[in-house]
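# The following comprises the amino acid sequence and a computationally predicted model.
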Amino acid sequence: MLGRNEHSSTRSKSRGSQPLLVCFQASNGNDAPEPLDNSFRSHTTVPRKGPRPAGGGDGWPPDPSSKEPCQKAPNDGRRAKWGRPRKWENQLHNYLRELEEAEYSDLHIKAINRIIRKAFQFWDSKEPGKVDQQDIRSYLSQWPEGRNRIYQRTIINGYLRFCSNFVIQSMRWRDPVDVRFKVRWLTKSQYATLVNLEMDPLDELVIRLALDMGLRRVEISRILLTDIDRTGYLTVRGKGKKLRTVPFFPGIHVTLDRWLQERERLVSIFPGPYPDHLIIVRYRKHLTAIKRTALDNIYKRVSKIVGFHFSYHDLRRTWARTAWEIGVPIETIAMILGHRDTKTTLRYIGANADHANEAMQKLHLARMNLLDKECTRNDRKVKTESIEPEI
């Protein structure tokens, strides 16, 4: 009967020891054996970490019959499993993290990650600070002129600016501003149906903030109780948490008061602590600020009730387009929407060649009316001068 320690020693002996990398020759009468020459192993050395990649060209994988030293794996722009991450990959990770903190959508972040990785594979993992104008032109030449090229350039420009490289900004690209024909907004009948619909206080407030004030989804979720000014203004936290002041739409105070009463009822039912946000919802047994997913569910639920599909962007564009059609200056619309450039606002409202033609026709009619008034005034002046004064 063997003891416990004897069993363990027997198991360890049965495993056997791992083979040594150094082999020994038979001794030539000396006590210590002489090691063999292991130089033949140098050209077959593989990295310790990760599997050996599939080869084919570029000297990888090495030929065992060759006596040349082992070459490095070809640099394909991706992170090697056995190596350290590239510099641009570390900066991309930090850039995507900032976009997540700014509450960009998951689909947008995935698209940004895919475009930037594809660009740096094309540039052979070049450092972001060394990307020049020739690299940008060679990469963008893969796409024809249009929205796809503009989108690619915009995504890459945002990442390069994050890395303190302003090469795209210095190239001064000029793009047409009347090429966006796929913009959606509500028709007049859809707008009337949505406004006259009876909704609960939460759904009505979310819809009215986007439809009547042009707020973004993330801006609605960031509104605090202290941001409401009863004199008629609302403090809005936009992209990058930039502050701007937006006046209340007439009649939205009734919707706001309804929701504040409902909010007080929720606070009286559920235990604290309570967030300082204007719009709060129940999450399990507590109250929390409303998130992007909950807002999307509200838009989907209301769209099923009215019978037509819309997103929060469609409501925001409807406000911008309605304001533009009634004659509100484009600079004022851009300020309320939170756009830094009026070109973005023009693409947002879908201004195209048809609207430019309509504007020319209106200008022509206004000029003809002005000329008619001037001719009538001159005729009256001539008639007055032709009358001789009585003596």
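Arrived safely, thanks for sending.
# What about residue 197, how many residues nearby?
If you count neighbours by other C-beta atoms under 10 Å, residue 197 ends up with 13. The way it works is simple: take the backbone N, C-alpha and C, and place the C-beta from them, glycine included.
# Which residues are in contact with it?
302, 305, 306 (C-beta atoms under 8 Å, 6 or more residues apart in numbering).
# How much space separates the second one from residue 298?
As judged by C-beta to C-beta, to the nearest Å, residue 305 and residue 298 stand 11 Å apart.
# can you check the last one too?
For residue 306, the distance to residue 298 equals 13 Å [C-beta to C-beta].
# what's the answer for residue 125, then?
For residue 125, the distance to residue 298 - C-beta to C-beta - is 44 Å.
# which residue sits closest to the residue nearest the centre of the chain, ignoring its sequence neighbours?
For the chain, residue 108 is the residue whose C-alpha lies nearest the centre (C-alpha atoms, centre = their mean; 4.4 Å). Closest residue in space to residue 108, ignoring its immediate chain neighbours: residue 99 at 7.7 Å, by C-beta to C-beta, 6 or more residues apart in numbering.
# And residue 267, by the same measure?
Nearest to residue 267 is residue 274, by C-beta to C-beta, 6+ apart, at 5.7 Å.
# Please tell me the pLDDT value assigned to the one you found.
In this model, residue 274 is scored at 85, pLDDT.
# Residue 326 versus that one, what's the distance?
41 Å.
# re the thing from before, out of residue 125 and residue 298, which sits in the busier spot?
residue 298 (21 against 16).
# which residues does that one contact?
Counted by C-beta under 8 Å, 6+ apart, residue 298 has contacts 202, 203, 206, 207.
# let's see it at 10 Å
199, 200, 202, 203, 204, 205, 206, 207, 220, 281, 290, 312 (C-beta atoms under 10 Å, 6 or more residues apart in numbering).
# In a strand, it, correct?
No - according to DSSP: H, G, I helix; E, B strand; the rest coil, residue 298 belongs to no strand; its state is helix.
# so where do the strands sit in the stretch 101-250 of the chain?
228-229, 233-237, 243-247 (DSSP state E, counting those that start in this stretch).
# most packed of those?
strand 233-237 (a mean of 18; mean count of other C-beta atoms under 10 Å).
# Quick one: list the elements packing against that strand.
If you count contacts as 3 or more C-beta pairs under 10 Å, 6 or more residues apart in numbering; DSSP states H and E, strand 233-237 packs onto helix 217-221, strand 228-229, strand 243-247.
# Now that strand: average pLDDT?
pLDDT averaged over strand 233-237 gives 92.
# For that strand, what is the distance to the chain centroid?
22 Å (C-alpha atoms, centre = their mean, to the nearest Å).
# Check stretch 311-324 too.
Using C-alpha atoms, centre = their mean, the offset of stretch 311-324 from its chain centre is 19 Å.
# Please apply the same query to stretch 148-166.
Distance, centroid of stretch 148-166 to centroid of chain: 12 Å (C-alpha atoms, centre = their mean).
# now stretch 160-176
17 Å.
# now do stretch 242-252
On C-alpha atoms, centre = their mean, the centre of stretch 242-252 falls 24 Å from the chain's centre.
# same deal with stretch 121-132?
Per C-alpha atoms, centre = their mean, the centroid offset for stretch 121-132 relative to its chain is 22 Å.
# Then stretch 116-123?
On C-alpha atoms, centre = their mean, the centre of stretch 116-123 falls 18 Å from the chain's centre.
# who touches it?
By C-beta under 10 Å, 6+ apart, the surrounding residues in contact with stretch 116-123 are 75-79, 86, 88-89, 91-92, 95-96, 126-128, 130-132, 135-136, 138-140, 142, 152, 155-156, 158-160.
# By mean pLDDT, which helix or strand of the protein comes out lowest?
Among the helical and strand segments of the chain, the one scoring lowest on mean pLDDT, DSSP states H and E is helix 4-15, with a mean of 44.
# Give me the distance between residue 138 and residue 131.
11 Å.
# residue contacts, residue 288?
274, 275, 277, 280, 281, 282, 294.
# wait, is the second one part of a strand?
No - counting by three-state DSSP, one finds residue 275 to be coil, located in no strand.
# How many residues are close by the residue nearest to it when sequence neighbours are not counted?
Nearest in space to residue 275, with sequence neighbours left out and distances taken as C-beta to C-beta, 6+ apart, is residue 289 at 4.7 Å. The number of residues packed near residue 289 is 18, by other C-beta under 10 Å.
# what does the one 10 residues further on give?
Other residues near residue 299 number 21, with proximity taken as other C-beta under 10 Å.
# What of residue 343?
14.
# by contact count, what packs against the helix or strand it falls within?
Following DSSP states H and E, one finds residue 343 within helix 342-349. If you count contacts as 3+ C-beta pairs under 10 Å, 6+ apart, helix 342-349 packs onto helix 312-325, helix 330-337.
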